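structure of the sequence below:
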Amino acid sequence: MAKRFGGRFSPQPRLDGTDPRAPARPAPGEFRHPLESRTRWVTIMAIPFLISAFWQDPNGLALHLIAFGAVASGMWMTREGLQAEAAYDARRVARRPAIPRKLFGGILTGLGLAIGSYVPGAEAGAGVIGFAGAMLHWLAFGTDPMRDKGMEGIDGYQQDRAQRIVAEGEAHLKAMQDAILRTGDRRLEARVGMFAATARELFSHVEENPDTISAVRRYLSVYLQGARDATVKFADLYVQTRDQRARQDYETLLTDLETEFAARSARLLEGGRTDLDIEISVLRDRLVREGVRPAPTPPAEPAELQRPMTLDDLLIPRESEKPRR
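Residues are numbered from 1 along each chain as shown. This is a model prediction of the structure:
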């Protein structure tokens with residue numbers, strides 16, 4: 001039976017009747033760097049080392065195999081570094097990668113080229129080729145991020161704690177999306193994807209403000225774990241029975257969870273705005289006390305409000321309100 005497909009860039013609305021929305025935060029493994037495809041081509045160009053190894057003497061065989069392995073390992077490290085850089089660039093608050101993968105990838109690539117071009121008696125030439133390959137790697141792929149981004153004023157312990165809890169939440173979302181695939185229903189897959197996008201929006205707020213982790217921890221652990229268990233049980237039941245009532249109950253559950261997660265994200269934003277207003281007010285008062293900024297003058301009251309109003313003021317019209325003859 002034919003199935004209708006929809007998406008963000010389709011002219012028709014989405015299958016579940018809601019407006020398409022881009023996720024606020026990509027899922028782990030979905031970060032893509034524009035230079036990532038270059039690593040594949042470099043690995044392919046190192047294949048002659050692998051092929052020519054079988055026409056060499058034992059020493060040449062070992063050297064060529066090691067050369068190909070070094071270049072392939074360097075490109076694997078470089079690809080991992082590019083993915084880490086893409087994740088670093090996608091977040092407003094991020095730590096620098098713990099391991100400079102692109103740096104190690106460049107060293108391995110240069111080492112592989114030097115070993116592959118080694119000829120007895122011409123060690124200097126092999127060293128020049130290896131150094132040139134490492135420099136070309138640096139020019140082609142750049143360097144690793146070497147400093148933290150947006151971490152000023154953020155507790156490192158709280159940040160690590162928030163990342164662990166967010167990683168647990170991502171694992172629950174991944175389990176939900178894997179379980180719903182068993183139903184083979186595109187509408188249900190899209191519905192779970194929308195809920196995952198809303199949950200990841202909350203993840204972004206937690207990563208940027210780790211101090212709020214205590215207020216939303218049950219959403220990222222208890223609620224998501226319950227949603228995962230409900231999804232697994234629903235998928236098992238729906239595959240066997242195609243029960244429409246169970247499907248309606250499950251979609252209602254997702255709607256309730258999505259509404260609650262969105263409301264929690266809005267409350268976090270409102271709380272941050274309130275804290276900002278308080279900080280601005282306190283700073284302004286301090287500037288006034290220290291004489292840096294003049295005190296604000298209260299607005300002048302109208303003349304009729306400077307004395308108490310009597311009953312005659314209400315019954316007897318004023319001169320300006322009398323009708324003209």
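
how many residues are close by the residue lying closest to His137 once chain neighbours are set aside?
Sequence neighbours aside, Gly106 is the residue nearest to His137 in space, at 3.9 Å (criterion: Cβ to Cβ, 6 or more residues apart in numbering). For glycine as for every other residue, the C-beta is placed from the backbone atoms N, C-alpha and C. By other Cβ atoms under 10 Å, 26 other residues sit near Gly106.

then Ala199?
By other Cβ under 10 Å, 28 other residues sit near Ala199.

is it in contact with Arg264, as I believe?
No. The criterion here is Cβ atoms under 8 Å, and Ala199 misses it with Arg264 at 10.0 Å.

returning to that earlier point: after the helix or strand containing the residue nearest to His137, next one along is what?
Gly106 belongs to helix 101-116 when elements are defined using DSSP states H and E. Downstream of helix 101-116, the first helix or strand assigned by DSSP H and E is helix 123-141.

ok so, going back, list the contacts of the residue nearest to His137.
By Cβ atoms under 8 Å, 6 or more residues apart in numbering, the residues touching Gly106 are 74, 78, 134, 137-138, 141.

between these, which is nearest Met176?
Nearest to Met176, judged by Cβ to Cβ, of the contacts of Gly106 is Thr78 at 32.7 Å.

tell me the spacing between that closest one and Ile99.
12 Å (Cβ to Cβ, to the nearest Å).

between these two, which one's more packed in?
Neighbour count, other Cβ under 10 Å: between Thr78 and Ile99, Thr78 has more, with 28 against 12.

mean confidence for stretch 200-219?
In this model, stretch 200-219 carries a mean pLDDT of 76.

could I get the CA-only coordinates of the helix holding Gly106 as CSV?
Extracted C-alpha coordinates of helix 101-116, given in CSV (Å, rounded to 0.1, in the frame of the first residue of the first chain):
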residue,chain,number,x,y,z
ARG,A,101,41.5,14.6,17.3
LYS,A,102,42.3,16.7,14.3
LEU,A,103,45.8,17.3,15.6
PHE,A,104,46.4,13.6,16.1
GLY,A,105,44.8,12.9,12.7
GLY,A,106,47.3,15.2,11.0
ILE,A,107,50.2,13.6,12.8
LEU,A,108,49.1,10.1,11.7
THR,A,109,48.5,11.3,8.1
GLY,A,110,52.0,12.8,7.9
LEU,A,111,53.5,9.7,9.5
GLY,A,112,51.7,7.4,7.0
LEU,A,113,52.9,9.5,4.0
ALA,A,114,56.5,9.5,5.3
ILE,A,115,56.5,5.7,5.9
GLY,A,116,54.8,5.0,2.5
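
and that helix, what's its mean pLDDT?
What helix 101-116 shows for mean pLDDT is 91.

between that helix and helix 123-141, how big is the angle?
Counting by axes from the mean of the first three to the mean of the last three Cα atoms, to 10 degrees, helix 101-116 lies at 150 degrees to helix 123-141.

got the contacts of Gly106 as CSV, with distance to Leu269 and pLDDT columns?
Below are these laid out as CSV (distance: Cβ to Cβ, whole Å; pLDDT from 0 to 100):
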residue, distance to Leu269, pLDDT
Gly74, 44, 92
Thr78, 38, 92
Ala134, 46, 91
His137, 43, 91
Trp138, 41, 91
Phe141, 37, 90
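
right, and Lys102 touches Ala140 too?
No. Judged on Cβ under 8 Å, Lys102 makes no contact with Ala140 at a distance of 10.1 Å.

more crowded one of the two?
Just comparing Lys102 and Ala140: by other Cβ under 10 Å the higher neighbour count belongs to Lys102, 25 against 14.

and the closest residue to that one other than its chain neighbours, what element?
In space, and not counting its chain neighbours, Lys102 is closest to Gly81: 3.6 Å by Cβ to Cβ, 6+ apart. In this assignment (DSSP H and E), Gly81 forms part of helix 58-90.

buried set for that helix?
For helix 58-90, a neighbour-count test (16 or more other Cβ atoms under 10 Å) marks 63-75, 77-88 as buried.

that one vs helix 123-141, what angle?
20 degrees.

look up phi and psi at Gly121.
Dihedral angles phi and psi of Gly121 (degrees, to the nearest 10) take the values phi 90, psi -10.

so for it, what pLDDT did the model give?
The per-residue pLDDT reported for Gly121 equals 76.

neighbours of it, how many?
Using other Cβ under 10 Å, Gly121 has 6 neighbouring residues.

Glu80 contacts Arg101, doesn't it?
Yes. Judged on Cβ under 8 Å, Glu80 makes contact with Arg101 at a distance of 4.8 Å.

break the protein into its domains for me.
36-141, 156-289 (automatic domain parsing).

of these, which shows the lowest average pLDDT?
Among those, domain 156-289 scores lowest, at a mean of 79.

surely His137 touches Leu108?
No. Judged on Cβ under 8 Å, His137 makes no contact with Leu108 at a distance of 9.2 Å.

overlap in contacts of the two?
Common neighbours of His137 and Leu108 (criterion: Cβ under 8 Å, 6+ apart): Gly74.

hmm, back to that, tell me how far the residue nearest to His137 lies from Arg247.
For Gly106 relative to Arg247 (Cβ to Cβ), the value is 52 Å.
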